[in-house]
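S.K.: give me a model of this one.
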Amino acid sequence: MDFSRFADEDFDTKDWVNAAFQMPEAQTNKDAHAASLVMKLQMFIQEVNNSLEETSIQAVQNLPRVLRDIDSVRQEAALLQDQMRLVAEDIQKVERDTSLSMHTLLKIDQVKCRMQDASHALQEADNWTTLSADVEDVFKSGDIEAIASKLVAMQQSLQLLVDVPDYEERCKHLQSLKTRFEAILSPQLVAAFSSQSMDGALMYVKIFKDIDCLPSLQKYYHKCIKNQLQEQWQSIRDADPDETVADWLNNLYDVFVSTWHIQVKWCNQVFNEPLTVVCNLLQDTLATLEPSLQYCIDSAASSRPNPLTYLQELKEITDRYAKSLEGLVEAYGADQSHHTCVHQLVQTIYAPYKKYMLQYDLYEEGLLLKQLESIRFDREEVLDCIRQISDSVPKLFSYAKEASERCFTFTSGCGFPGLIKALEKYFLAYKREFNKALKKVKAQHWSKDAEEDKWLSFQQALRIIQVCGDLLVQIEVFNSTLCENLLVAANRFTPVSAEVPVELEQSFGRNSGSPFHMLDKMLLEKWESCQVLFDFVIRCRKYKGDVCVLEEARSDMQLLCEDVHRFAFNIVFSQIEKYLRDLHCLESWQADRVGGALTLDLPSFGLAPQEYITKIGQYLMTFPQHIEPFLVEDDNPALLKAMKYARLPHTEEKGGHMSHIADLWLESFATATQYHYVEAILKISELTPHSAKQLIIDIEYLMNVFDDLGLHPTEHLRSIHTLLKTSPEQFHQLSDTEPQRLVAAVSSMRGLQ
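M.R.: So this is what the prediction gives:
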């Protein structure tokens with residue numbers, strides 16, 4: 001039976017008992033098994049007790065011996081302490097007795113060292129003279145190792161002759177000998193580097209390192225491999241006359257990737273800084289290609305009808321190479337010490353595109369305006385023209401999205417300010433075309449006078465409003481997409497704080513981070529361009545969804561929306577104005593008789609509303625049925641958006657605060673009707689008692705119409721109604737509570753003093 005589990009720190013009695021009763025022998029007779037377990041446990045306890053008793057007896061027996069040993073160690077420690085104190089006193093005594101002698105010995109040793117240095121310097125001076133005399137014979141022998149050994153000896157000798165008067169002349173002489181030696185080795189160096197001979201290269205590295213000329217050796221290597229790459233570039237251009245610059249770029253970058261793999265591996269065994277050597281090699285080769293990449297790209301782009309899309313294609317090829325290069329640099333394990341050489345290489349890779357970044361907004365604007373020419377509003381029929389306006393919105397934003405994709409592909413987001421400029425001009429040009437189409441619709445409407453034509457024109461205007469709303473919706477969505485894409489692209493810009501404004505000039509000059517994630521430095525030459533770009537980045541990070549980078553375009557669309565709302569309002573309200581135009585000239589205001597009977601005391605219920613007011617009432621009652629089908633909130637989010645940014649006449653707030661757009665239209669229409677009705681009433685010069693009653697009936701009829709529509713009369717209309725109904729005796733009592741302009745006008749009409 002295993003009793004070892006009792007010693008475990010996490011021993012659980014229940015688990016042990018349960019496990020014991022899971023054994024096969026416990027299944028037949030649990031009581032017998034339990035009795036057996038108890039007996040075994042009792043025996044185990046007895047064994048443990050016996051073991052503890054034996055251990056305790058042994059510990060008690062050994063305790064006196066342990067105490068004796070401790071006392072012995074204490075005595076020995078005290079003795080050792082006394083001996084160490086005596087030694088310390090002896091050392092102090094020796095120091096006091098011999099300090100003067102030691103000081104004298106130190107001075108003698110210094111004199112000896114100086115004499116040895118002087119002797120050595122004299123020997124080296126004599127050695128320099130001997131080496132200088134023999135060096136010509138060694139050079140004539142052509143023995144490379146002997147020449148190298150002689151130069152090393154002269155170099156070591158010269159290091160001890162710094163204070164001689166002709167030190168500079170000796171340095172120049174030694175340098176001329178080294179140059180002469182390099183010229184002798186030049187053919188062998190070219191052969192070794194061209195054939196990638198490892199043994200030969202290592203031998204020459206040792207020689208040049210000994211004579212302190214290793215940079216010169218790296219220049220030979222650099223020049224040799226660079227010439228090979230130049231020849232390959234020429235072969236790429238001459239291989240197939242049908243190939244384009246895009247094909248040349250692909251092939252050249254393939255050669256560079258292959259060269260990277262081969263040369264980094266080779267240089268890793270030859271030079272101390274292989275990554276720096278290879279980066280400088282590729283950077284210099286790219287910068288000195290003949291003809292240059294800049295010339296090839298310029299020539300190809302100038303011959304294209306649409307240079308921007310072609311440049312985008314070339315830039316994508318370059319981006320793929322830069323991405324591959326980034327992976328290669330990371331795989332090598334580059335650190336901060338390699339930052340400069342990698343930065344210069346990446347800068348040279350993107351150098352051909354810098355001039356296009358400065359003019360990106362012009363290229364983009366030209367392409368967008370050319371695409372905009374395909375959006376036409378040239379139909380003569382109003383319905384066809386409105387259909388063209390509606391169909392233009394998807395095309396408009398499809399071209400805008402393509403421009404955004406070009407910006408983040410070709411400029412990697414660095415041309416974002418230029419994109420915004422181009423888009424603003426693009427949307428402004430669209431607005432001009434929209435206005436031309438709208439003028440055409442307006443002109444055709446005002447040429448018609450029938451009431452049915454006005455309702456038809458109003459419905460057409462509502463469709464145009466819906467297009468305006470759709471434009472505003474699409475601009476907001478597009479604006480959000482632009483901001484999101486910019487923040488994604490900004491991950492590869494120079495790091496900039498999003499919390500507070502920073503000194504962008506300092507950020508632009510900062511030499512930190514991966515060069516592959518500092519595309520603003522790679523593609524933008526002017527600090528001002530980076531400042532504008534970072535302003536956009538900071539705004540988008542700080543304000544997130546609340547920032548609008550297309551502010552001018554949105555404002556233009558809002559003005560356009562307000563213009564169309566006014567047009568739609570004027571269409572339907574022109575009929576009301578027509579009914580009210582000659583109100584003050586009606587003969588009924590001067591008539592005292594109806595049908596020849598005296599009517600001064602005729603009760604009010606004997607009068608009926610006049611024709612002009614019944615026409616207005618009927619016109620108002622038909623308004624909801626004409627507008628409701630177009631203004632169902634769930635089906636017309638575009639109309640909701642349009643109303644949010646437009647303010648109808650005679651309304652205090654924009655429509656974004658109304659529960660239903662139809663209510664706002666009806667309120668605007670009713671308020672305008674009452675305003676113009678009040679103004680028309682105030683033009684009446686004189687009212688007889690009968691005509692005053694008639695006007696009261698007309699006003700009450702209009703109030704009933706408003707009540708049926710769920711609206712309320714305005715304060716001015718109620719005031720005129722009150723002033724007309726008030727008797728002459730009580731009129732002056734109300735003059736202090738009602739608007740003075742209305743009081744004076746009604747008083748004059750009724751002839752009250």
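S.K.: give the buried residues for stretch 408-426.
M.R.: 408, 410-426 (16 or more other Cβ atoms under 10 Å). Just so you know, the C-beta spots here come from the backbone N, C-alpha and C atoms, and that holds for glycine as well.
S.K.: go on, stretch 431-442?
M.R.: So stretch 431-442, judged by 16+ other Cβ under 10 Å, has buried residues 431, 433-434, 437-438, 440-442.
S.K.: save the residues you listed as a markdown table, and put in secondary structure, pLDDT and distance to Leu372 too.
M.R.: Output for the buried residues of stretch 431-442, formatted as a markdown table (DSSP: H, G, I helix; E, B strand; the rest coil; pLDDT from 0 to 100; distance: Cβ to Cβ, whole Å):
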| residue | secondary structure | pLDDT | distance to Leu372 |
| --- | --- | --- | --- |
| Lys431 | helix | 92 | 11 |
| Glu433 | helix | 90 | 8 |
| Phe434 | helix | 89 | 11 |
| Ala437 | helix | 87 | 14 |
| Leu438 | helix | 87 | 17 |
| Lys440 | helix | 84 | 18 |
| Val441 | helix | 84 | 20 |
| Lys442 | helix | 83 | 23 |
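S.K.: so can I have JSON lines of these showing distance to Ala191?
M.R.: Below are these laid out as JSON lines (distance: Cβ to Cβ, whole Å):
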{"residue": "Lys431", "distance to Ala191": "71"}
{"residue": "Glu433", "distance to Ala191": "71"}
{"residue": "Phe434", "distance to Ala191": "74"}
{"residue": "Ala437", "distance to Ala191": "77"}
{"residue": "Leu438", "distance to Ala191": "80"}
{"residue": "Lys440", "distance to Ala191": "81"}
{"residue": "Val441", "distance to Ala191": "83"}
{"residue": "Lys442", "distance to Ala191": "86"}
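S.K.: closest to Asp546 among these?
M.R.: Ranked by distance to Asp546 (Cβ to Cβ), those are led by Lys431 at 24.2 Å.
S.K.: gap between the residue nearest to the closest one when sequence neighbours are not counted and Leu308?
M.R.: Leaving aside its sequence neighbours, Lys431 sits nearest to Asp556 (Cβ to Cβ, 6 or more residues apart in numbering; 4.9 Å). Going from Asp556 to Leu308 by Cβ to Cβ, to the nearest Å gives 24 Å.
S.K.: can you list the weak-confidence ranges in the stretch 401-550 of the chain?
M.R.: Segments of the stretch 401-550 of the chain classed as low confidence (criterion: pLDDT under 70) are 446-452, 495-513, 519-520, 525-527.
S.K.: local confidence estimate at Leu602?
M.R.: pLDDT for Leu602: 51.
S.K.: which residues sit in contact with Phe193?
M.R.: 201, 220-221, 224-225 (Cβ atoms under 8 Å, 6 or more residues apart in numbering).
S.K.: check which helix or strand it maps to.
M.R.: helix 167-194 (DSSP states H and E).
S.K.: state the next helix or strand along the chain beyond that helix.
M.R.: By DSSP H and E, the next helix or strand past helix 167-194 is helix 198-210.
S.K.: C-terminal to that next one, what's the next element?
M.R.: helix 214-239.
S.K.: quick one: list the elements packing against that following helix.
M.R.: Counting contacts by 3 or more Cβ pairs under 8 Å, 6 or more residues apart in numbering; DSSP states H and E, helix 214-239 is packed against helix 167-194, helix 198-210, helix 245-267, helix 274-287.
S.K.: orientation of that helix relative to helix 274-287 in degrees?
M.R.: Inter-element angle recorded for helix 214-239 and helix 274-287: 40 degrees (by axes from the mean of the first three to the mean of the last three Cα atoms, to 10 degrees).
S.K.: roughly how far is helix 214-239 from the heart of the chain?
M.R.: 40 Å (Cα atoms, centre = their mean, to the nearest Å).
S.K.: buried residues, it. List them.
M.R.: So for helix 214-239, counting by 16+ other Cβ under 10 Å, buried means 214, 216-218, 220-222, 224-226, 229, 232-233, 236-237.
S.K.: go on, stretch 716-736?
M.R.: Per 16+ other Cβ under 10 Å, stretch 716-736 contains these buried residues: 716-717, 719-724, 726, 731, 735.
S.K.: for Ala334, give me its contacts.
M.R.: 275, 342.
S.K.: Three-state assignment for it, please.
M.R.: coil (DSSP: H, G, I helix; E, B strand; the rest coil).
S.K.: what's the separation between it and Cys279?
M.R.: Distance from Ala334 to Cys279, counting by Cβ to Cβ: 9 Å.
S.K.: what is in contact with the two at once?
M.R.: With Cβ under 8 Å, 6+ apart as the test, Ala334 and Cys279 both reach Val342.
S.K.: mind telling me what element the residue nearest the centre of the chain is part of?
M.R.: In the chain, the residue lying closest to the centroid (Cα atoms, centre = their mean) is Leu487, at 1.7 Å. Assigned by DSSP H and E, Leu487 falls within helix 451-489.
S.K.: if you count contacts, what does that helix end up packed against?
M.R.: Using 3+ Cβ pairs under 8 Å, 6+ apart, helix 451-489 sits against helix 382-410, helix 416-446, helix 527-543, helix 551-580, helix 611-627, helix 637-644.
S.K.: 10 Å - rerun?
M.R.: Judged by 3 or more Cβ pairs under 10 Å, 6 or more residues apart in numbering; DSSP states H and E, helix 451-489 is in contact with helix 382-410, helix 416-446, helix 527-543, helix 551-580, helix 611-627, helix 637-644, helix 661-682.
S.K.: stretch 481-492: which residues count as buried?
M.R.: 482-483, 485-487, 489-490, 492.
S.K.: was I right about the residue nearest to the centre of the chain contacting Arg541?
M.R.: Yes - using Cβ atoms under 10 Å, Leu487 and Arg541 qualify as a contacting pair, with a distance of 6.5 Å.
S.K.: just name the shakiest helix or strand of the chain by mean pLDDT.
M.R.: Taking mean pLDDT, DSSP states H and E as the measure, the chain has helix 504-509 as its least confident helix or strand, at a mean of 39.
S.K.: of the buried residues of stretch 481-492, closest to Ile91?
M.R.: Among those, Arg492 lies closest to Ile91 (Cβ to Cβ), at 68.9 Å.
S.K.: over to the residue nearest to that closest one when sequence neighbours are not counted: give its phi and psi.
M.R.: Leaving aside its sequence neighbours, Arg492 sits nearest to His517 (Cβ to Cβ, 6+ apart; 4.6 Å). Here the main-chain torsion angles of His517 (degrees, to the nearest 10) amount to phi -110, psi 30.
S.K.: what does Phe21 give?
M.R.: Note on Phe21: its backbone torsions stand at phi -90, psi 0 [degrees, to the nearest 10].
S.K.: got it, and Ser303?
M.R.: According to degrees, to the nearest 10, Ser303 has phi -90, psi 0.
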